[in-house]
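Chemist: My questions concern the predicted model and sequence given below.
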Amino acid sequence: MSLLNGIRRIALCCVVCVFSGAAAAQATHYSVKLAPDFERRLLRGEEVIEFQADARVAEWQKQPGLEVISAKVSDGEVTVAEQALLVRLRSGGKHRLRIRYKATAGKGLRWLDDNAGLFTAFYCEAWMVCDNSPGQRATLQLEIVVPFKPLTNGANGFRAVGPGRSGKEWRGRDGDHFVFEQSDPVQTYLFSFGVARLVVGNDGMFSIYAESMNANKAAFAKTADAYAFLRAAAWVDPMNLHYTQAFLPGRGLGQEAAGMTLMSQDDLADLTAKDDVQLMAHELAHQWWGVTVGIRSWSDFWLNEGFAEFMSDAYIERRQGRAAYDQQIAVLRERMKKLREEGKDRPLHWEKWKDAHEALGPIPYVKGALFLDRLRAELGDEIFWQGIGLYTSGNARRLVDSGDFKRAMEEARGRDLRALFDDEVYH
């Protein structure tokens, strides 16, 4: 999620599903089938949640705009409240929670103007019952049934794009079906998807969804170049080897997902015509710092956004020179100065955040990127980039906190960095 687009875009309500004990240690699997109704701006859903839990009351939360029609669980009872499903389990073990529901526009679920489609961003509980806490990871099978709305040439035009690996596609009586599989566990805020009139282009490990394929040769080349830079810095492949960029109608997009990013058509034009690579590189960086390496709690959200912001600036340096990088850092310093003047400064590791809504804001982006720039200056390029590689490759497919990053940088430097981290991260 980019700083430039994210701050004005992420005014999306967050609800966190509470899990405890043995259930937290087990990966949850979601099977979701969605059918959008463009005219009514209504999303109909069927969902199965497979999870492991002891005999207790488990709480699965949702947004008020998601109306549960029915909910049943094996070996238990379900009570539906305005913002939660309370599941009373009679025994421990594996359970299945089956839900039918409908969802209207809300925070996390946006319908595009003129029935041009829809997309979701960050908060899964707007369009499915889910656990959005970063300490939980889950797998997903998502099926989207898009109603048939033919173009003049007889084609539908509407396509869905989703997280993970693109699976089966077929046309049924109820519309065009698109299936997406995220087989490696990720946090559920990485389950975003979009539906619009799109065409698809593929170039090896990359796919682009856009209104047309004009000038996309340049977009593929620039994405591949940024990917090579980030892969070299990370020392490890991202969790999802195939990467998709979807450029949707509308403005103010820039949302990472597992193996995918949602952006706007304007962003594609800026990327190809103006060589504005910042947003593309920022969102691509999340495939390592955010997807492959996940945060344990909202307290360390900067490990997602500060890294992505810094890595996009570092890529700009590689592509456009040191002066371009220094200019990016100067802009961040000016923003940080204003945040301090407004009394909005806080530590990067901030345990007073209760949920994603509180964690989001400019500090993780701006202060996080500036700390990485300072760390680079103090350690020197060779040691700094060695530490980045150790941290990323050593924590792939794991949940981390600021302490994990500190230990990796200390290993690279060969000495204690407590004073520096205390100054910049914890105080």
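Modeler: Good, I have the coordinates.
Chemist: quick one: Asp373 and Val331 touch, right?
Modeler: No - contact criterion CB atoms under 8 Å: Asp373 and Val331 do not qualify, at 11.9 Å. C-betas here are computed from N, CA, C, even on glycine.
Chemist: Show me the strands in the stretch 301-427 of the chain, by range?
Modeler: With DSSP state E, counting those that start in this stretch as the criterion, the stretch 301-427 of the chain has strands at 398-400.
Chemist: Report how many residues lie close to Arg41.
Modeler: Neighbour count of Arg41, defined by other CB atoms under 10 Å: 16.
Chemist: so what's it closest to, chain neighbours aside?
Modeler: Trp111 (4.6 Å; CB to CB, 6 or more residues apart in numbering).
Chemist: From Pro36, how far off is Val277?
Modeler: As judged by CB to CB, to the nearest Å, Val277 and Pro36 stand 32 Å apart.
Chemist: ok, these two, which is more surrounded?
Modeler: Pro36 (25 against 20).
Chemist: Quick check: which element contains that one?
Modeler: strand 28-37 (DSSP states H and E).
Chemist: Now do the helix or strand following that strand: which elements does it pack against?
Modeler: Per DSSP H and E, the first helix or strand lying C-terminal to strand 28-37 is strand 42-53. Contact here means 3 or more CB pairs under 8 Å, 6 or more residues apart in numbering; DSSP states H and E; on that basis strand 42-53 packs against helix 22-25, strand 28-37, strand 93-103.
Chemist: Can you show me the helices along this protein?
Modeler: Per DSSP state H, the chain has helices spanning 3-9, 22-25, 216-234, 265-273, 278-285, 302-320, 322-341, 356-359, 362-379, 381-394, 402-413, 418-421. These are given in chain order.
Chemist: any idea which of the ones you listed scores lowest on pLDDT?
Modeler: Here the lowest mean pLDDT among these goes to helix 22-25, at a mean of 38.
Chemist: The nearest residue to Thr139 once chain neighbours are set aside: how many residues sit nearby?
Modeler: Nearest residue to Thr139, sequence neighbours excluded (CB to CB, 6+ apart): His29, at 4.8 Å. Neighbour count of His29, defined by other CB under 10 Å: 17.
Chemist: Model confidence for His29, exactly?
Modeler: 97.
Chemist: Quickly list what Val78 is bridged to.
Modeler: Beta-bridge partners of Val78, counted by DSSP bridges, are Val87.
Chemist: how far away is Pro134 from Arg165?
Modeler: Counting by CB to CB - Pro134 and Arg165 are separated by 23 Å.
Chemist: What residues are bridge-paired with Met263?
Modeler: Beta-bridge pairing of Met263 under DSSP bridges involves Phe247.
Chemist: List the residues that contact it.
Modeler: Gln245, Ala246, Phe247, Leu248, Leu253, Gly254, Gln255, Leu279, Met280, Glu283 (CB atoms under 8 Å, 6 or more residues apart in numbering).
Chemist: do the same with Leu370
Modeler: Going by CB under 8 Å, 6+ apart, Leu370 touches Ile329, Leu332, Arg333, Met336.
Chemist: Can you point out the buried residues in stretch 69-84?
Modeler: Applying a neighbour-count criterion of 16 or more other CB atoms under 10 Å, one finds Ala71, Val73, Gly76, Val78, Val80, Ala84 buried in stretch 69-84.
Chemist: quick one: pLDDT of the residue nearest to the last one when sequence neighbours are not counted?
Modeler: By that I understand Ala84. If the residues on either side of it in the chain are set aside, Ala84 comes closest to Gln61, at 4.5 Å by CB to CB, 6+ apart. If you check Gln61, the pLDDT there is 85.
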